[in-house]
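K.L.:
show me the folded form of this:
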Amino acid sequence: MRQPLLTIACAAISFAIFGRFPAVAETPQPTSRPAATDGWKTIDARGQFSFTTPPDLKFQEVQGIDSYVGLYVSPTLRVGFDHGQYSSPLDEIAEKPGAVSNEETIHGRKARIVTDQHTVYVYFAKTNDDANNHNKLELDVEFKDPATLADAMAIIRSIQFPAVAPKN
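P.N.:
Predicted structure coming up:
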């Protein structure tokens, strides 16, 4: 019985995010509400990219090995990112049972969005127009309550990149 419930939950997430259901899923009603982004703050990730979040998300120190990583947490959301040459294209996550994968353009950049029951992931294979910069971005938003799915998608869709990233 657990598998059909997971399928229905993922179908609802797909509808809430992409406005359509996967072809093989039944049609449950989405439970998320539109995000209210008034009062949100902009996170500037060292000039490499930016995104907006609810004001209660707090920065947590994390250390990357070969890339720039970041983590922001609140009682209802967790936002993490990995910006570098080896960021995950989300293939393993997309292959998990119940995961839904779609392509979308976010602020002019091609993005892959993968959702599962409590997380929305986004991957950008190209983060700026500099031919010598091969950095990619994987950002994920984990949400505890399905009611915050709209907030997770608003964070994902707020990501912006400069045309040419500043030199570090």
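K.L.:
how many residues are close by Phe51?
P.N.:
Under the neighbour criterion other C-beta atoms under 10 Å, Phe51 is assigned a count of 26. The C-beta positions use only the backbone N, C-alpha and C, and glycine is treated the same way.
K.L.:
my guess is it meets Ile155, correct?
P.N.:
Yes: with contact taken as C-beta atoms under 8 Å, Phe51 and Ile155 are classed as touching, separated by 5.9 Å.
K.L.:
hey, what's in contact with both of these two?
P.N.:
Contact criterion C-beta atoms under 8 Å, 6 or more residues apart in numbering; residues shared by Phe51 and Ile155: Val79.
K.L.:
ok, which stretches of this structure are helices?
P.N.:
In order along the chain, the chain carries the following helices (DSSP state H): 2-18, 91-94, 149-157.
K.L.:
any regions of the protein where pLDDT drops low?
P.N.:
Counting by pLDDT under 70, the chain shows low-confidence ranges at 1-35, 164-168.
K.L.:
relative to Pro75, how far out is the closest residue to Arg78 other than its chain neighbours?
P.N.:
The spatial neighbour of Arg78 that comes closest, neighbours along the chain excluded (C-beta to C-beta, 6 or more residues apart in numbering), is Glu142 at 4.3 Å. Distance from Glu142 to Pro75, counting by C-beta to C-beta, to the nearest Å: 12 Å.
K.L.:
these two - which one has more neighbours?
P.N.:
Higher neighbour count among Glu142 and Pro75: Glu142, with 17 against 8, using other C-beta under 10 Å.
K.L.:
was I right to think the more buried one contacts Ser74?
P.N.:
No: using C-beta under 8 Å, Glu142 is not in contact with Ser74, being 10.6 Å away.
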